[in-house]
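1. this one's structure only:
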């Protein structure tokens, strides 16, 4: 992953010593979570890339880590061998990743936290169905209930605004 250095007027590697993509920072800026492109595992480090440690292990493929608002958990989309894509959460301080909605019949896409940390919004994994048939879903983490957002057909990759008022998304409609 590259970052733009405005002082130098050029793009540079985000961390010279670390292969990283899908980088996300905790709300307090004290930690980063990222995917290692060499083995599709998720790691946590300080913002400068130091003090790295893995929070997932192969053979689970893990993508797009997102910090909970309180910085205690990380949500990501993952795939175990031979299984559909699922939304997982894992304690940022260590532990086993947990599948949040294992009985879903659809491939689950990238999750984004609600501002209170009680829900995740996600779309379906692009390419698993036609774009027009995909929709955005909200998962209540306490009850495990999931609902599709009205008029969200043809949309995917949602992100919740920090204040919780809006959900932004990509769409097949222009």
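-> Thanks, I have it. This one's a predicted model, so the numbers in the text were calculated from it and none came from an experiment.
2. In the helix or strand hosting residue 24, which residues are buried?
-> Counting by DSSP states H and E, the element that carries residue 24 is strand 21-25. For strand 21-25, a neighbour-count test (16 or more other Cβ atoms under 10 Å) marks 22-24 as buried. The way it works is simple: take the backbone N, C-alpha and C, and place the C-beta from them, glycine included.
3. Skip ahead from that strand and say which helix or strand is next.
-> strand 32-36.
4. quick revisit: and the angle for the strand holding residue 24 with strand 32-36?
-> 170 degrees (axes from the mean of the first three to the mean of the last three Cα atoms, to 10 degrees).
5. partners of strand 21-25, with directions?
-> Strand 21-25 has the following strand partners under DSSP bridges: strand 32-36 (antiparallel).
6. How far away from the center of its chain is the strand it pairs with?
-> From the chain centre to the centre of strand 32-36 is a distance of 10 Å (Cα atoms, centre = their mean, to the nearest Å).
7. repeat for stretch 77-90
-> 11 Å.
8. Can you give the distance of the strand holding residue 24 from its chain's centre?
-> Chain-centre distance of strand 21-25: 9 Å, with Cα atoms, centre = their mean.
9. what mean pLDDT does that strand have?
-> Model confidence over strand 21-25, given as mean pLDDT, is 91.
10. likewise stretch 5-13?
-> Averaging pLDDT along stretch 5-13 gives 80.
11. next one: stretch 161-169
-> Confidence for stretch 161-169, expressed as mean pLDDT, is 82.
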